[in-house]
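**Q** Sequence and predicted structure below; questions after.
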Amino acid sequence: LKQASRMLSPALALYAACIFPLTAGAELSESQKVVAQVWSTVDATYVDRTFNNNDWFKIRQTLIKRNYPEKSDAYKAISEEMLKPLGDQYTRFIDPVKYTALRDSIVSGGKGQDVSGIGVTLSIDKAIQRVKIVDVVEGSPAAEAGLKPSDVIVEVNKVRTDGGTT
């Protein structure tokens, strides 16, 4: 009888969830939806299934339940509390405003060109107002092409990064 009651509990929980579904998903704020989406993306694609020995589901629950007064608060939680504990320098979140600014600086005003992964980490050198390579992934197309850290990106697909013409 004890074994039957243990088996009944999960079945009862599943039945209750179907009969009395939680409406939390429908009531998530936009910020909570972003947190959930980022978590799902990392969960589906992250190679280290131990998530650097973090309780990945607990992180999700903690961050999704939180009330975020501003979207920037959610973005900070994603970066600092969800992704930073993974200890992976290549897994990061760029908020939409910063992503758009970076993309536009790379593709000459964002005229519809796509940014593709070539195996580099980029940064904007404020002193010279140009895009610089910070890191090159070993074995990447960028490494094979001879790109190196501190190289300045002057042109992408015949489009100058400073807005000039070739």
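**A** That came through, no problem. Numbers count the residues shown, from 1 in each chain.

**Q** which SS state does Thr100 fall under?
**A** Secondary structure state of Thr100, per DSSP: H, G, I helix; E, B strand; the rest coil, is helix.

**Q** For it, give its distance to Glu144.
**A** Here Thr100 is placed at a distance of 29 Å from Glu144 (CB to CB, to the nearest Å). Every residue, glycine included, has its C-beta placed from N, CA and C.

**Q** wait, isn't Trp56 in contact with Asp43?
**A** Yes. Trp56 lies in contact with Asp43 (CB atoms under 8 Å); the separation is 6.8 Å.

**Q** what about Ala74, neighbour count?
**A** 25 (other CB atoms under 10 Å).

**Q** mind listing what it touches?
**A** 31-32, 34-35, 68 (CB atoms under 8 Å, 6 or more residues apart in numbering).

**Q** related to what we said a few turns ago, neighbour count: Trp56 and Asp43, which is higher?
**A** Taking other CB under 10 Å, Trp56 and Asp43 do not tie; Trp56 has more neighbours (18 against 13).
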